[in-house]
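Enquirer: fold the stuff below for me.
(one chain, ligands or ions: 1)
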Amino acid sequence: MELKYEKKDIYSTLNKKEIEQVDVYSKEYMKFLNSSKTERLCVENAVEILNENGFSDISKKRSLKAGDKVYLVNKQKSIFAAVIGKKDLIYGTNIIGSHIDSPRLDLKPMPLYENHDVAVLKTQYYGGIKKYQWMSIPLAMYGVVYNEKGEKIKIAIGDTNDDTTFTIADLLPHLAKDQLKANANEFIDPEKMSVIIGNIKDKEAKDSKVKTTVLKLLNEKYGIKEIDFARAEIEFVPAFDAKFVGIDRSMIGGYGQDDRVCSYANLRAIVDLVKENHTFDKTVISLIVDKEEIGSTGNTSMTSQVFDMFINMLLQKTGSKADRLNVYYNSKMLSADVATAVDPVYDDVSDIQNSNILGSGIALEKYSGSGGKYSSSDANAEFMSEVMKIFNDNKVMYQIGTLGKIGKGGGGTIAYILADKGVDVVDCGTAVLAMHSPYEVSSKFDVYMTYLAYKAFFKS
Ligand SMILES: [Zn+2]
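Expert: Next up, the predicted model:
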């Protein structure tokens, strides 16, 4: 009998066919990452995948019965999908909750100006970033803008082959003596994170000649004027694709893996179980939300009551007499957000025996938070036991981790929001390196194991 707990690496347990499955899934995942660089694009792509697999808009359904597949899109930035189970909702639901917003640079409402013949756009960073990582890299521009007639125009520049790109020019080292004296948190002034957009002077303009060129080009291409920036949501994200990393192609590098790695697995798990004709006892729900990176505030975030509305719709349309609070009380959830993997060179911030090792399985984290467990959602031992049994029964490889050494920092997920409603919740997601950077790194084996874990949980 083995008494000691030791982590196992996934690769050494897989046969050739399973490794092929890992590669197929990884490529599909990278394709999703490359085409889903904003929360809106994630929702659009999720709707497409759901529609292809027989899910339909819940508002178009008058009643629901076991096996029915529905979704609700919340203001184009978050989405809830469900498959109705055989049991009444009073017996609870199995929920997997992830988020699709990622750190990035948003445009300010009035962004455009020119200085010394270069036109730039002012940005405001979104989420927790190390600002210097976003300087001097190619950036793509995505978003929506409304013109004065209220017509919606979509913008996507920088990610197709001969597209132009954008960048923020960092100061050259030769003249950075003063800049480099400041500490790393301060040496990039966020007010100076302006994206370069043009350099040609308009011949007819009397002043702001480069700005005029930019406005003319935007008007030609999109029919918009400067004021329309105020009715837009435009995001700058890294203009490069996700790729395998390492001579052994064992890892995946890409922008937005936090938390699209879990969101993609969440979506694929529910869709693939439907494809496999799995019949669910309990109703299962994929909830994919926005605004996690800025503290889950606003009407597309987990704290908004739109998810309550979705549960109300499920109750009403299935004809259940259950109270929503009872549904929550009897529901179980994996808070599907990325975890931190031990960094090979910065391992001093991790308590190794309580940390996640790249390639050793999906990370199961009893709690996050910081310091004395402040702001954490601390999963009950009973629920940890249940989830570990589900994983063991289904041969899902998982590892037990925490965020890092006490006092080195901290963080949270959407776990506490559902836990506050009475749901049993535990954090469970893919471990990544360089989280919140423009190029986050995951293990393709962990990525695949995340998908298997979510399938197992939905089936339980
Ligand atoms: Zn996250």
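
Enquirer: just checking, Glu365 touches Gln399?
Expert: No - look at Glu365 against Gln399 with C-beta atoms under 8 Å: they stay out of range, at 9.6 Å. Yep, even glycine has a C-beta here, placed from its N, CA and C like the rest.

Enquirer: okay, these two: which has more neighbours?
Expert: Remark: of Glu365 and Gln399, Glu365 carries more neighbours, 26 against 23, as counted by other C-beta atoms under 10 Å.

Enquirer: separation between the more buried one and the ion?
Expert: Applying C-beta to the ion, to the nearest Å, the value for Glu365 to the ion is 12 Å.

Enquirer: bridging residues for the residue lying closest to that residue once chain neighbours are set aside?
Expert: By the measure of C-beta to C-beta, 6 or more residues apart in numbering, the closest residue to Glu365 outside its immediate chain neighbours is Asp427, 4.1 Å from it. Counting by DSSP bridges, Asp427 is bridged to Ser335, Glu365.

Enquirer: buried residues in whichever strand in the chain runs longest, which are they?
Expert: When the chain is parsed with DSSP state E, its longest strand is strand 104-115. By 16 or more other C-beta atoms under 10 Å, the buried positions in strand 104-115 come out as Arg104, Leu105, Asp106, Leu107, Lys108, Pro111, Leu112, Glu114.

Enquirer: could you dump that strand to PDB, C-alpha only?
Expert: Coordinates of each C-alpha in strand 104-115 appear next as PDB, following Å, rounded to 0.1, in the frame of the first residue of the first chain:
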ATOM      1  CA  ARG A 104      -5.400  43.800 -22.000                       C
ATOM      2  CA  LEU A 105      -5.300  47.500 -23.000                       C
ATOM      3  CA  ASP A 106      -8.600  49.200 -23.500                       C
ATOM      4  CA  LEU A 107      -9.000  52.500 -25.400                       C
ATOM      5  CA  LYS A 108      -9.900  55.500 -23.400                       C
ATOM      6  CA  PRO A 109     -13.200  57.100 -24.500                       C
ATOM      7  CA  MET A 110     -11.400  60.000 -26.200                       C
ATOM      8  CA  PRO A 111      -8.100  58.400 -27.200                       C
ATOM      9  CA  LEU A 112      -6.600  60.000 -30.300                       C
ATOM     10  CA  TYR A 113      -3.900  62.700 -30.400                       C
ATOM     11  CA  GLU A 114      -0.700  63.400 -32.200                       C
ATOM     12  CA  ASN A 115       2.700  64.600 -31.000                       C
END
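
Enquirer: what sits up against the host helix or strand of Ile153?
Expert: Here Ile153, judged by DSSP states H and E, is contained in strand 152-157. For strand 152-157, the external contacting residues (C-beta atoms under 8 Å, 6 or more residues apart in numbering) are 140-147, 163-166, 222-224, 234.

Enquirer: if we use 10 Å, what do you get?
Expert: For strand 152-157, the surrounding residues in contact (C-beta atoms under 10 Å, 6 or more residues apart in numbering) are 35, 37-38, 40-41, 44, 76, 139-147, 163-166, 218, 221-224, 228, 231-235, 239.
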